[in-house]
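Chemist: curious how this folds, go ahead:
(one chain, ligands or ions: 2)
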Amino acid sequence: MKSRAAVAFGPGKPLEIVEIDVEPPRKGEVLIKITNTGVCHTDAFTLSGDDPEGLFPVVLGHEGAGIVVEVGEGVTSVKPGDHVIPLYTAECGECLFCKSGKTNLCVAVRATQGKGLMPDGTTRFSYNGQPLYHYMGCSTFSEYTVVAEVSLAKINPDANPEHVCLLGCGVTTGIGAVHNTAKVQPGDSVAIFGLGGIGLAAIQGARQAKAGRIIAIDTNPAKFELARTFGATECINPKDFEKPIHEVLIEMTGWGVDHTFECIGNVNVMRSALEAAHRGWGQSIVIGVAGAGKEISTRPFQLVTGRTWKGSAFGGVKGRTQLPGMVEDAMKGEIDLAPFVTHTMGLDDINKAFDLMHEGKSIRTVIHY
Ligand SMILES: NC(=O)C1=CN([C@@H]2O[C@H](COP(=O)(O)OP(=O)(O)OC[C@H]3O[C@@H](n4cnc5c(N)ncnc54)[C@H](O)[C@@H]3O)[C@@H](O)[C@H]2O)C=CC1
Ligand SMILES: N[C@@H](CCC(=O)N[C@@H](CSC=O)C(=O)NCC(=O)O)C(=O)O
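Modeler: Ligands and ions are numbered 1, 2, ... in the order given. The predicted model follows:
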């Protein structure tokens, strides 16, 4: 079939809106009509060429919501007409990782997904006969996309897709990192570096966890108003201080912060976030994505004196079993999604969404088809 899509033909190039060919779903696959998709910084990361798994030409997008059109052989968990959210972290329920009870990092389709292909090692997308790669197992920048059955969460059909698409990545990542990865407890102090979609979601999660001080940090003070709305108790701009931000935070808190979250993708900030963590028990959660070759470093003494450094993917959330409940929470108002949607636009304008993000003028732009 034919599908309108925003295709990245090369790193650093604007997306081109073209009509691509989409093959039918094969065994264990599902054809979806995407209704809405967010534009996340990770899309920009891959488009920049910094992603070691970045392949071109590719249909990007991984923060979407849609409706099942057709299912391939053997698919039983969804049927045509079902409302779904594609998952860039699948949940097969059978692999070592799904069965471990320790992680959400399912590996069922991760290897082929990282090569921009479907589980059988082939692509369903082409343009004028030229194969196009899939992206993060989702490719929500195509109106019609094919994903693996294990990469789909079936959700309440009454949910607003313009909002719940954000549970496909950013909001789930931030909220989940607080509850699942850090396990923030009532009264704990929290510092969140970077107030984009992920950082603001982490603030919302910290408020849900009844954290004490919630210190929001960004070099763009325009982000502070929304941070306060979500529950930040203090907002600080590193540019306002002569000394390093971790020294500022230690002065503010005495011995450091119980939990810090890096929601930027800057390895230098990751170091600051660790070194701002509380002596003896503080933990720093890396959420931000940094490009190939980037490494983090700190003195071993920082760890010897009780700090823990860990990472979080998709907020530790198991998408097929847990995302439907988060959609219900959003429908009950227990997760506030509307404030994240600062812009909406049609697919033809998707390059403006990237510009707005880079200019710091948006939190999430949601594309509608
Ligand atoms: N681990 C995971 O599962 C996921 C990771 N990510 C990653 O999380 C990061 C954040 O994503 P978004 O919120 O969409 O990005 P964004 O670009 O919307 O927000 C980043 C924020 O950091 C601020 N910032 C930049 N440099 C700073 C500095 N030196 N100090 C303080 N603030 C600074 C910017 O002003 C902006 O407000 C990205 O690296 C993205 O790739 C995104 C989704 C899931
Ligand atoms: N291909 C990238 C992967 C970067 C990364 O860490 N991705 C996050 C999700 S970011 C979503 O917006 C993640 O959850 N990774 C887990 C995984 O299985 O990839 C690179 O190689 O840098």
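
Chemist: switch to C-alpha atoms for all contacts and neighbour counts from now on
Modeler: Will do.

Chemist: tell me the contacts of V18?
Modeler: By CA atoms under 8 Å, 6 or more residues apart in numbering, the residues touching V18 are R4, A5, A6, V7.

Chemist: using CSV, write down the CA coordinates of the helix or strand hosting the last one.
Modeler: In the assignment (DSSP states H and E), V7 maps to strand 2-8. The C-alpha trace of strand 2-8 is given here as CSV (Å, rounded to 0.1, in the frame of the first residue of the first chain):
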residue,chain,number,x,y,z
LYS,A,2,1.0,3.7,-0.3
SER,A,3,1.7,5.8,2.8
ARG,A,4,2.6,9.4,3.4
ALA,A,5,5.8,9.5,5.4
ALA,A,6,8.5,11.9,6.6
VAL,A,7,11.7,10.2,5.4
ALA,A,8,15.2,11.0,6.6
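
Chemist: distance check, the closest residue to H41 other than its chain neighbours against H62.
Modeler: Spatial nearest neighbour of H41, excluding adjacent residues (CA to CA, 6 or more residues apart in numbering): M357 at 7.6 Å. Applying CA to CA, to the nearest Å, the value for M357 to H62 is 16 Å.

Chemist: comparing those two, which residue is more hemmed in?
Modeler: Neighbours were counted for M357 and for H62 using other CA atoms under 10 Å; H62 has more, 28 against 18.

Chemist: which positions in the strand holding V7 come out as buried?
Modeler: By 16 or more other CA atoms under 10 Å, the buried positions in strand 2-8 come out as S3, R4, A5, A6, V7, A8.

Chemist: and the third one, what's its pLDDT?
Modeler: It stands for A5. Confidence at A5, expressed as pLDDT, is 98.

Chemist: over to the nearest residue to it once chain neighbours are set aside: give its phi and psi.
Modeler: Spatially, and ignoring its direct neighbours in sequence, A5 is nearest to S142 (4.0 Å; CA to CA, 6+ apart). Phi and psi for S142, reported as degrees, to the nearest 10, are phi -120, psi 140.

Chemist: didn't S142 look like it was pressed against A8?
Modeler: No: counting by CA atoms under 8 Å, S142 stays clear of A8, with 11.3 Å between them.

Chemist: who touches both of the two?
Modeler: V59.

Chemist: residues from this structure in reach of ligand 2?
Modeler: For the chain, the residues in contact with ligand 2 (CA under 6 Å from any ligand atom) are T42, D51, P52, E53, C169, V289, G291, A313, F314.

Chemist: which one of the residues you listed sits closest to R364?
Modeler: Taking CA to CA as the measure, R364 sits nearest to C169 out of those, at 11.1 Å.

Chemist: how close does the nearest residue to that closest one once chain neighbours are set aside get to ligand 1?
Modeler: Nearest non-adjacent residue to C169, counting by CA to CA, 6+ apart: E63, 5.3 Å away. To ligand 1, E63 is 9 Å away according to CA to the nearest ligand atom, to the nearest Å.

Chemist: list the beta-bridge partners for E63.
Modeler: Taking DSSP bridges as the rule, E63 bridges to G38.

Chemist: that one and A227: what is the separation?
Modeler: From E63 to A227 the distance is 22 Å (CA to CA).

Chemist: which element follows the host helix or strand of A153 toward the C-terminus?
Modeler: Using DSSP H and E, A153 falls within strand 152-155. Next in sequence after strand 152-155, counting helices and strands by DSSP H and E, comes helix 161-164.

Chemist: and the contacts of stretch 240-254?
Modeler: P238, G256, V257, S272, A273, E275, A276.

Chemist: just the residues you listed: which are in strands?
Modeler: Of these, none are assigned to strands by DSSP state E.

Chemist: which of those come close to ligand 1?
Modeler: Counting by CA under 6 Å from any ligand atom, no member of the contacts of stretch 240-254 is near ligand 1.

Chemist: does the residue nearest to C169 touch V171 like I think?
Modeler: No: between E63 and V171 there is no contact under CA under 8 Å: 9.9 Å.

Chemist: nearest residue to G10 other than its sequence neighbours?
Modeler: Nearest one to G10, counting by CA to CA, 6+ apart, is F56 at 5.5 Å.

Chemist: what about the one you found, which SS state?
Modeler: Here F56 takes the coil state, with states given by DSSP: H, G, I helix; E, B strand; the rest coil.

Chemist: and it, how many neighbours?
Modeler: F56, neighbours per other CA under 10 Å, totals 21.

Chemist: my guess is it meets K13, correct?
Modeler: No: contact criterion CA under 8 Å: F56 and K13 do not qualify, at 10.6 Å.

Chemist: run through this protein and note the low-pLDDT ranges.
Modeler: The model of the chain has no residue with pLDDT under 70.

Chemist: near ligand 1, which residues of it? Just list them.
Modeler: 40-42, 169-170, 173, 193-199, 217-220, 263-265, 287-289, 312-314, 357, 360, 363.

Chemist: residues in contact with D188?
Modeler: K210, A211, G212, R213, D258, H259.

Chemist: return a PyMOL selection command for the buried portion of these.
Modeler: To isolate the buried members of the contacts of D188 in PyMOL, using 16+ other CA under 10 Å:
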select buried, resi 210+211+212+213+258+259
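
Chemist: do you know how far K243 is from ligand 2?
Modeler: 30 Å.

Chemist: that residue: neighbour count?
Modeler: Counted with other CA under 10 Å, K243 comes out at 10.

Chemist: any idea which element it lies in?
Modeler: Here K243 is assigned to no helix or strand, by DSSP H and E.

Chemist: switch to numbering from 631
Modeler: Okay, using 631 as the starting number, the last item reads as K873.

Chemist: good, we can wrap up now.
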